[in-house]
Structure formats: C-alpha cells, structure tokens
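Colleague: Sequence and predicted structure below; questions after.
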Amino acid sequence: MCKLVTFCYFFSVLLSLLMVAITAFLMIVHPKVVKYNVANATLIEFDYTNNALHYNLALKITISNPNKFVGIYYDCVEALALYQDVEFDSQILGTFFQPDQNTSVLSPVFKGKKPLSSNQISKLNIKKSSSIYHIDVELYMKVRYKVGLIKIPKKLKVHYDLLVPLKSHNTTKLANGFQATNVIRIT
C-alpha cells in the first residue's frame, strides 16, 4: 500500500512538472502559422494542337516562417500543376532549410505538352475566349520543424486555386493581370 501511494505521488509530481514544462515551452516558442502564397504567375502558353496541351507556366511561391525559435527543414518539395483536375506537369523543387523569421521563394516553371481527352479539349475551347485559366497548383512537402534540438516530422499538402491570364507577346489580355493568391487549404 505504501509503495502504491509513493508511486501515485511521484507520478502526479512528474505529470505536473511535464505540464509546466510544456506550458513554458509554448509561451516561449509561441508557434504561428507558416504562410504559403503565390506572389506571381505568368502563363505564356496554354494551347492545344494535335490533341495535346502545350503550356508554359512560371510561378513565384513565397513561404513565410513568422516563428521565433522554429526552423523548418524542407526535405522534399514537389509541385504539381493541374487543369480540369488532370495533372499536366510536376516538379521536384529540392530540399532546403528555412530559418526562423524568414521568407523563402520557390520558382517552379512548368513547360511542355500533355495529351488531352476530347472532353478536356471542348472545355479548353470555351475558356480560350476569356484568356483566363483556372489552374490548380499543389505542393506536397515532407518537413521537419526544428525547435532547439527537437525535430518534428510532418507531411503537408498545400492547394492553390489560381485564375491565371494568358500573356500574349508581353502584354496581358487583362488590365490587372494575375492577382497574388493565398493558400486555399493545407492538409
């Protein structure tokens, strides 16, 4: 009976100390949300010939880490570009470390051609008249958050819904061009 009381007392003291340590840690670190934005998108080519989509899309994605004491290791970053829910290109953007209170820039360029179904071609014909294309971009990332000596792994998926105007001979067919876009959802 005496050993049980001693164990319960020791366990409650240990649990209390752990709660105080976690509270102090969160008060010092005070984690904030990392911001993922598309600052610029340039669509130079988006057309089809011989049932294939020919595209040239350049993006400028900014990742802002507002946290003090929290660095982020980006172990794997993959960017996918989709039109009509069909992936037309992907890129591995490499690995990097983002220190605390820092903004990093990623600049994927999607250029090439992709075969299209007849349904996708008819949708492309409708959109051609407006010269604005709804393109989805997804980032798949394996990250590690670094706080002191502790590293916490996590997988992230960031999704953007972009409305990108087609550029023609260095002039945009829309007066205002591309509007910077915040992230739509992170999972």
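Modeller: Okay, I see it. Bear in mind the structure is a predicted one, so any value in this text is a computation, not a measurement.
Colleague: Kindly provide the distance from the residue nearest the centre of the chain to Val137.
Modeller: Nearest to the geometric centre of the chain sits Val158, at 3.8 Å (Cα atoms, centre = their mean). For Val158, the distance to Val137 equals 8 Å [Cβ to Cβ, to the nearest Å]. For glycine as for every other residue, the C-beta is placed from the backbone atoms N, C-alpha and C.
Colleague: And the strands in this protein?
Modeller: 35-49, 52-65, 71-83, 86-92, 96-98, 102-106, 109-115, 132-147, 150-165, 167-168, 171-172, 181-182, 185-186 (DSSP state E).
Colleague: so which of the ones you listed gets nearest Cys8?
Modeller: strand 150-165 (29.4 Å; Cβ to Cβ).
Colleague: Just checking: what are the partner strands of that closest one?
Modeller: The pairing partners recorded for strand 150-165 under DSSP bridges are strand 132-147 (antiparallel), strand 185-186 (antiparallel).
Colleague: Tell me the buried residues in it?
Modeller: Residues of strand 150-165 classed as buried: Val158, His159, Tyr160, Leu162, Val164, Pro165 (neighbour count, 16 or more other Cβ atoms under 10 Å).
Colleague: For those residues, give me TSV that also has pLDDT and distance to Phe110.
Modeller: Listed next are the buried residues of strand 150-165 as TSV, based on pLDDT from 0 to 100; distance: Cβ to Cβ, whole Å:
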residue	pLDDT	distance to Phe110
Val158	94	16
His159	94	16
Tyr160	92	13
Leu162	91	12
Val164	89	11
Pro165	89	16
